[in-house]
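[1] sequence? don't have it. structure:
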Ligand SMILES: [Cu+2]
C-alpha cells in the first residue's frame, strides 16, 4: 500500500512539472513574438522599383510604359513609413506625391529613400513628372493608399 502511495505522488509531481515546464516554455515563446510585431509596426519599410513594359503591336508600332512596382501600396495612417525606391528601368524619374510637398528623383541604379507620414486617410498618387504628361501613352503613376 505504502509503495503505491509513493508512486502516485511521484506521478503527480511529474505531471505538475510538465504543466509548469510547458507554461514556462510557451509564455517565453509568445512574449518575444508580440514584442517583435510591435517593433515592426513602428518601422515599416516599403520597397519599390521602377520597371518598364515594352511591346510591338502587329502593325509594327512600339508601345512602352514605365511603372512604379508595386503599383499600389497600402500604409497605415499616422505612422512613420519609409518608402525605398530603386531605379531599374529608365534613367531618371522626377516624381512628386499629389497633395503633399514631397518630391525627388529616382535614378537608375540608385536608391531613393522617402520618409512618409500621412495624417489623413485617402489615396495619394505618386506621379513621375517625365512619364505622365499628355503625349505619353501610359502615365507612370503609383497609388499610396493610407488606411
Ligand atoms: Cu518616369
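    Perfect, thanks for sending it. Values in this document were obtained by computation on a predicted structure and should not be read as measured data.
[2] show me the domain layout of this protein.
    1-41, 43-146 (automatic domain parsing).
[3] got those as JSON lines, with mean pLDDT, mean neighbour count and distance to the ion columns?
    Where you see a C-beta, it was placed from the backbone N, CA and C, and this is true even at glycine. Formatted as JSON lines, the domains of the chain follow (pLDDT from 0 to 100; neighbours: other C-beta atoms under 10 Å; distance: least, C-beta to the ion, whole Å):
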{"stretch": "domain 1-41", "mean pLDDT": "61", "mean neighbour count": "9", "distance to the ion": "31"}
{"stretch": "domain 43-146", "mean pLDDT": "94", "mean neighbour count": "15", "distance to the ion": "3"}
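[4] other SSEs contacting the biggest strand by length in the chain?
    The residue-count maximum for a strand in the chain (DSSP state E) belongs to strand 44-56. In this structure, strand 44-56 makes packing contacts with strand 62-69, strand 72-75, strand 81-87, judged by 3 or more C-beta pairs under 8 Å, 6 or more residues apart in numbering; DSSP states H and E.
[5] tell me where this protein has strands.
    Under DSSP E, the chain gives strands at 44-56, 62-69, 72-75, 81-87, 92-97, 103-107, 111-116, 122-128, 141-146.
[6] need the ones you listed in TSV with distance to residue 15, can you?
    Conversion of these to TSV gives the following (distance: least, C-beta to C-beta, whole Å):
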stretch	distance to residue 15
strand 44-56	45
strand 62-69	57
strand 72-75	49
strand 81-87	50
strand 92-97	61
strand 103-107	63
strand 111-116	54
strand 122-128	57
strand 141-146	53
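[7] I figured residue 90 hits residue 50, correct?
    Yes. With contacts counted by C-beta atoms under 8 Å, residue 90 reaches residue 50, the gap being 5.4 Å.
[8] residues contacting the residue nearest the centre of the chain?
    Nearest to the mean C-alpha position of the chain, by C-alpha atoms, centre = their mean, lies residue 46 at 3.9 Å. Contact partners of residue 46, counting by C-beta atoms under 8 Å, 6 or more residues apart in numbering, are 73, 75, 81, 82, 83, 84.
[9] quick check: beta-bridge partners of it?
    residue 83 (DSSP bridges).
[10] that one and residue 138, how far apart?
    23 Å (C-beta to C-beta, to the nearest Å).
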